[in-house]
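Peer 1: sequence isn't available, so here's the structure alone:
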């Protein structure tokens, strides 16, 4: 009896203690152990209000009022995240027997995110987590497998001063009623009894009622029509955003497929997205086979708006101003690059096709661009040199001709670019002497390397090579060279409303610093040399240059139509923005034209003089200098008033003596002197070869 009481005492006390512990135990007692581990994993404070666990083959863990704080020293009283209730099911029994850890479902009830950045660049959405905490260094097979992810009444407030962004996001998952009825009233193993009904009862709009982006135009649809896939999904993710981004109003609507087995490559994940950022419209539609890594994409991206420069804050890639555009293509991610392939569209009145690849990296992304155009209007590309694009809003009236819009150095340093562009035909008709364009250049660390940029003119071309690098005092430091190879004179003169023929050769160089094209020219040093031998010019042009009025009348009648061009040389020095003539000679079969003077590129002023000497006996010529003066925008071309007045006065005076004598001041006897043009051109060509 005594021994029995002793055993009863030894067994009863532990059993009673266990029973008492189980009766009084609260899962909240584990919170002090969970919070430090979660805080260490995320690198910031994590708190839970209550913890509930439902034991079974599938364990259900529920945490109430989960809060994730801001980084240490981040001055914002609102925490980064708050979840009213976070529940998850864990296949604990299977995991205990060695199977991969599986979470059949996760449900977040009323999650609220506070996404903010400070003006100094600090942000609360940047996490400093170790490899084990993030899972980044874990083998794929050891990562938890997530089944259904449900979100009820999710919200986010996003404030990013650097992007001038302030918008709200609402997100929720919605379940298809047909799928719920098929499943019956019984909940999934381990799921809360009200899980399905709770998700279904969310006061959100049905995905069928949400305005979606229109499907892609014919020829731009994916092989799988996304809308049909979405209608067949058991659960859909619905999100909307509204506010401002880049200082422009933004609205966005997205409907995605079920967040079920996102790692399942056998089941493409469908998505439809429309973003309206001010006047810019972006639509995305298609499927992803591996959405967690944005791979296996069959997505159609359509971009449209009045100016591609407005895409810079959306893409992170600096883009100059353009006229109205619409571009569609295939979006994918492979080999560490976001690719926009099979692009087709229009920019202004120009067509465009090709591909763009962006490799996200620090300190700036690396962008490779390969584009072609069948026909291009150079006015559409004016934004690349700081001018106003042709179809943009009209620029403010200005007396300036040279583009004076500052070249944005921050944009040049925002990304490393490698660009290849081909334009098979340049629009412009008779007013545009250029036939085609090819551009190859790199922008690395803010320095532009041209290799080369070329324009075709008839059978010849203009090639520009060199560098434009950031200058110490701001702006750019330019060292650019140009080569002119067999430029078609007929096209150059046709653009000026005249006629001629032959091939023009030469070179030019520019060394300068400045913040715009106008400033680079206004401060530049360099030289320009142009030569040609052979060809012809309009006789009318030659006669008018020497005020040979009688000959001009005959030339206008085509008697003769052309004057043979024996030689042409133009040799000019550029010093501190002033283009000074060393020698300009046009030697034709009927006259020798010599030019002298200067062009002030800083003030855009002309001070030039042309003198013409007839080679043959000429009657009716008021042989005076032609003076070209005034601004580049409104030049004045007039005879020298002093010399013209003297010759006119002499003719009038002689007319009083005898009317026949009035013709004497208009007679030129001609000259057979060597103009020296051939020798000058020869020396210039030898310098060009060197």
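Peer 2: Ah, there it is. Note that this is a predicted model, so its numbers are computed, not measured.
Peer 1: contacts, neighbours, all on C-alpha from now
Peer 2: Will do.
Peer 1: which residues of the stretch 1-150 of the chain score low on pLDDT?
Peer 2: 1-13, 21-23, 128-144 (pLDDT under 70).
Peer 1: and the strands in it?
Peer 2: 46-47, 50-54, 59-68, 81-90, 102-116, 145-152 (DSSP state E, counting those that start in this stretch).
Peer 1: elements contacting the first one?
Peer 2: Spelled out, that is strand 46-47. Judged by 3 or more Cα pairs under 8 Å, 6 or more residues apart in numbering; DSSP states H and E, strand 46-47 is in contact with helix 31-42, strand 59-68.
Peer 1: okay, now the sheet partners of it, with direction.
Peer 2: Looking at strand 46-47 with DSSP bridges, its partner strands are strand 59-68 (antiparallel).
Peer 1: now the longest one
Peer 2: In the sheet containing strand 102-116, the strands it pairs with under DSSP bridges are strand 81-90 (antiparallel), strand 145-152 (parallel), strand 154-160 (parallel).
Peer 1: need these in JSON lines (columns: mean neighbour count and distance to residue 506).
Peer 2: Output for the strands paired with strand 102-116, formatted as JSON lines (neighbours: other Cα atoms under 10 Å; distance: least, Cα to Cα, whole Å):
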{"stretch": "strand 81-90", "mean neighbour count": "21", "distance to residue 506": "67"}
{"stretch": "strand 145-152", "mean neighbour count": "20", "distance to residue 506": "69"}
{"stretch": "strand 154-160", "mean neighbour count": "19", "distance to residue 506": "53"}
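Peer 1: of all the ones you listed, which one is nearest residue 512?
Peer 2: strand 154-160 (38.4 Å; Cα to Cα).
Peer 1: so residue 88 sits against residue 103, correct?
Peer 2: Yes. Counting by Cα atoms under 8 Å, residue 88 does reach residue 103; the two are 6.8 Å apart.
Peer 1: JSON lines for the strands of the stretch 1-150 of the chain, including distance to residue 529?
Peer 2: Below are the strands of the stretch 1-150 of the chain laid out as JSON lines (distance: least, Cα to Cα, whole Å):
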{"stretch": "strand 46-47", "distance to residue 529": "73"}
{"stretch": "strand 50-54", "distance to residue 529": "84"}
{"stretch": "strand 59-68", "distance to residue 529": "70"}
{"stretch": "strand 81-90", "distance to residue 529": "68"}
{"stretch": "strand 102-116", "distance to residue 529": "58"}
{"stretch": "strand 145-152", "distance to residue 529": "71"}
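Peer 1: between these, which one is closest to residue 297.
Peer 2: Among the strands of the stretch 1-150 of the chain, strand 145-152 comes nearest to residue 297, with 21.1 Å by Cα to Cα.
Peer 1: what's the average pLDDT for the helix or strand hosting residue 596?
Peer 2: Following DSSP states H and E, one finds residue 596 within strand 591-600. For strand 591-600, the mean per-residue pLDDT is 87.
Peer 1: continuing past it, what's the next helix or strand?
Peer 2: strand 605-614.
Peer 1: what's the domain layout of the chain?
Peer 2: The record's domain parsing of the chain by automatic domain parsing lists 26-204, 306-392+400-494+510-523, 526-689.
Peer 1: tabulate these (CSV), appending distance to residue 503.
Peer 2: Listed next are those as CSV, based on distance: least, Cα to Cα, whole Å:
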stretch, distance to residue 503
domain 26-204, 52
domain 306-392+400-494+510-523, 5
domain 526-689, 6
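Peer 1: now tell me which of those domains the model trusts least on average.
Peer 2: In terms of mean pLDDT, the lowest-scoring of those is domain 526-689 (a mean of 68).
Peer 1: ok, back up a step: could I get the strands paired with strand 102-116 as a markdown table with distance to residue 632?
Peer 2: Converted to a markdown table, the strands paired with strand 102-116 look like this (distance: least, Cα to Cα, whole Å):
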| stretch | distance to residue 632 |
| --- | --- |
| strand 81-90 | 62 |
| strand 145-152 | 65 |
| strand 154-160 | 46 |
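Peer 1: was I right to think residue 242 contacts residue 248?
Peer 2: No. With contact defined as Cα under 8 Å, residue 242 does not reach residue 248; the gap is 10.9 Å.
Peer 1: between the domains of the chain, which gets nearest to residue 279?
Peer 2: domain 306-392+400-494+510-523 (6.8 Å).
Peer 1: which residues in the stretch 251-400 of the chain form helices?
Peer 2: In the stretch 251-400 of the chain, the helices defined using DSSP state H, counting those that start in this stretch lie at 312-315.
Peer 1: do the same with the stretch 451-600 of the chain
Peer 2: With DSSP H, counting those that start in this stretch as the criterion, the stretch 451-600 of the chain has helices spanning 489-495, 517-522, 539-545, 549-556.
Peer 1: elements contacting the first one?
Peer 2: In terms of contacts (3+ Cα pairs under 8 Å, 6+ apart), helix 489-495 is packed against strand 500-501.
Peer 1: let me see the mean pLDDT of the strand it packs on.
Peer 2: 70.
Peer 1: which pLDDT value goes with the closest residue to residue 481 other than its chain neighbours?
Peer 2: Of all residues beyond its chain neighbours, the one nearest residue 481 is residue 509 (4.3 Å), with distances taken as Cα to Cα, 6 or more residues apart in numbering. We have a pLDDT of 95 for residue 509.
Peer 1: residues in contact with residue 509?
Peer 2: Residue 509 makes contact with 479, 480, 481, 482, 526, 527, 528 under the criterion Cα atoms under 8 Å, 6 or more residues apart in numbering.
Peer 1: if the third one is in a bridge, with which residues?
Peer 2: For residue 481, the beta-bridge assignment (DSSP bridges) gives partners residue 465, residue 509.
Peer 1: my guess is it contacts residue 507. True?
Peer 2: Yes. Contact criterion Cα under 8 Å: residue 481 and residue 507 qualify, at 7.4 Å.
Peer 1: out of the strands paired with strand 102-116, which comes closest to residue 384?
Peer 2: strand 154-160 (28.4 Å).
Peer 1: list the contacts of the closest one.
Peer 2: Contact with strand 154-160 is made by 109-118, 165-172, as judged by Cα under 8 Å, 6+ apart.
Peer 1: just the buried ones among the residues you listed, please.
Peer 2: 109-117, 165-172 (16 or more other Cα atoms under 10 Å).
Peer 1: for residue 601, list the residues it contacts.
Peer 2: By Cα under 8 Å, 6+ apart, the contact set of residue 601 is 518, 521, 522, 577, 578, 579.
Peer 1: can you do 10 Å?
Peer 2: Contacts for residue 601 were tallied using Cα atoms under 10 Å, 6 or more residues apart in numbering; they are 401-402, 518-524, 574, 576-579, 631-632.
Peer 1: any of those buried? List them.
Peer 2: Buried among those by 16+ other Cα under 10 Å: 402, 518-524, 574, 576-579, 631-632.
Peer 1: residues near residue 30, how many?
Peer 2: For residue 30, the neighbour count with other Cα atoms under 10 Å is 11.
Peer 1: same check, this time on residue 119
Peer 2: Neighbour count for residue 119, taken as other Cα under 10 Å: 10.
Peer 1: could you do the one 3 residues further on as well?
Peer 2: Here the count is done by other Cα under 10 Å, and residue 122 has 13 residues near it.
Peer 1: pretty sure it contacts residue 74?
Peer 2: Yes. Using Cα atoms under 10 Å, residue 122 makes contact with residue 74 at a distance of 7.8 Å.
Peer 1: on that earlier part again, overlap in contacts of residue 242 and residue 248?
Peer 2: By the contact definition Cα under 10 Å, 6+ apart, residue 242 and residue 248 are jointly contacted by 166, 276, 277.
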